[in-house]
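Novice: next input, structure requested:
(one chain, ligands or ions: 1)
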Amino acid sequence: QVEPQPQTVEQTSSKILVLYLSRTNNTKTLAEFIHKNVGGDLVALELQNPYPQNYQAIVAQVAQENESGYLPALATKVDVNKYDIIYFGFPTWGMQLPPPMKSFLKNNDLSGKTLIPFNSNAGYGIGSTFETIKSLAPKSKILEGFSTKGGIERDGILFVMEGDKLKQSQTEITTWLKKIGQLK
Ligand SMILES: Cc1cc2nc3c(=O)[nH]c(=O)nc-3n(C[C@H](O)[C@H](O)[C@H](O)COP(=O)(O)O)c2cc1C
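Specialist: The predicted structure follows:
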């Protein structure tokens with residue numbers, strides 16, 4: 001009888017993409033640290049029509065897009081066929097997956113690929129984001145995601161991923177990457 005083989009990740013042969021959306025650079029900083037650890041390509045997801053700089057305006061626009069299911073057009077084109085593992089980073093917006101990330105999942109066939117979500121939020125958590133990834137990428141293998149508290153733009157707190165907060169996040173990310181078998 002053949003023993004089942006443990007699921008090991010071939011670090012060197014897996015082609016890795018670290019894709020992220022970030023407005024105030026908290027998620028971007030997490031993405032850069034993940035990329036430093038796992039390698040591959042680091043790509044920021046950009047829109048054809050960028051969101052407004054003004055916080056109230058973007059909150060209103062995202063609320064409307066979430067309500068109507070509008071999927072914004074993306075400026076960033078990714079050839080997903082080049083990748084086996086996609087790290088997928090985003091802030092929580094209106095307790096949902098940001099519309100551009102929904103666009104990406106709707107526009108690309110990620111069947112058979114490994115998706116690894118990561119997130120920052122103002123302290124209210126991931127909301128429905130991880131669940132939405134599951135439903136929009138039903139044929140992907142989705143690993144346990146990472147989430148941490150980032151900025152609270154509503155209260156004027158934008159970028160927090162520095163100093164002790166950065167160190168703490170980096171420690172948590174390293175532990176998480178080992179736990180999900182992506183780092184030795
Ligand atoms: C339009 C908008 C909606 C947001 N909605 C939420 C929310 O529902 N829950 C939450 O915890 N944080 C929310 N936030 C805060 C961000 O998730 C948080 O500041 C995050 O760290 C930002 O990441 P970034 O710096 O990568 O853009 C929202 C921010 C914006 C701009």
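Novice: which other residues reach stretch 163-171?
Specialist: Applying CB atoms under 8 Å, 6 or more residues apart in numbering, the contact partners of stretch 163-171 are 29-30, 33, 148, 161. C-betas here are computed from N, CA, C, even on glycine.
Novice: mind listing the helices for this structure?
Specialist: 26-38, 55-68, 99-107, 129-136, 163-179 (DSSP state H).
Novice: quick one: buried ones out of the contacts of stretch 163-171?
Specialist: Neighbour-count burial within the contacts of stretch 163-171 applies to 29-30, 33, 148, 161; the criterion is 16 or more other CB atoms under 10 Å.
Novice: which one of the residues you listed is nearest residue 118?
Specialist: Residue 118 lies nearest to residue 30 out of the buried ones among the contacts of stretch 163-171, by CB to CB, at 5.8 Å.
Novice: so what's the residue count around the residue of the chain found nearest the ligand?
Specialist: Nearest residue of the chain to the ligand: residue 150, at 2.2 Å (CB to the nearest ligand atom). Residues near residue 150, counting by other CB atoms under 10 Å, number 27.
Novice: and it, what does it touch?
Specialist: By CB under 8 Å, 6+ apart, the residues touching residue 150 are 24, 26-27, 91, 120-122, 160-161.
Novice: ok, and which of these reach the ligand?
Specialist: Among these, proximity to the ligand is found for 24, 26-27, 91, 120-122 (CB under 6 Å from any ligand atom).
Novice: contact residues of this structure facing the ligand?
Specialist: Proximity of the chain to the ligand, by CB under 6 Å from any ligand atom, involves residues 22-28, 58-59, 62, 91-95, 120-124, 150-151, 153.
Novice: buried subset of the residues you listed?
Specialist: By neighbour count, with 16+ other CB under 10 Å, these hold 22-28, 58-59, 62, 91-94, 120-122, 150-151, 153 as buried.
Novice: where does the chain dip in pLDDT?
Specialist: Scanning the chain for pLDDT under 70 picks out 1-13.
Novice: repeat that with 90
Specialist: The model of the chain has pLDDT under 90 over residues 1-14.
Novice: the most centrally placed residue in it: what's it in contact with?
Specialist: The centroid of the chain falls nearest to residue 89 when counting by CA atoms, centre = their mean (1.4 Å). Residue 89 sits next to 18-22, 27, 30-31, 34, 117-119 when contact means CB under 8 Å, 6+ apart.
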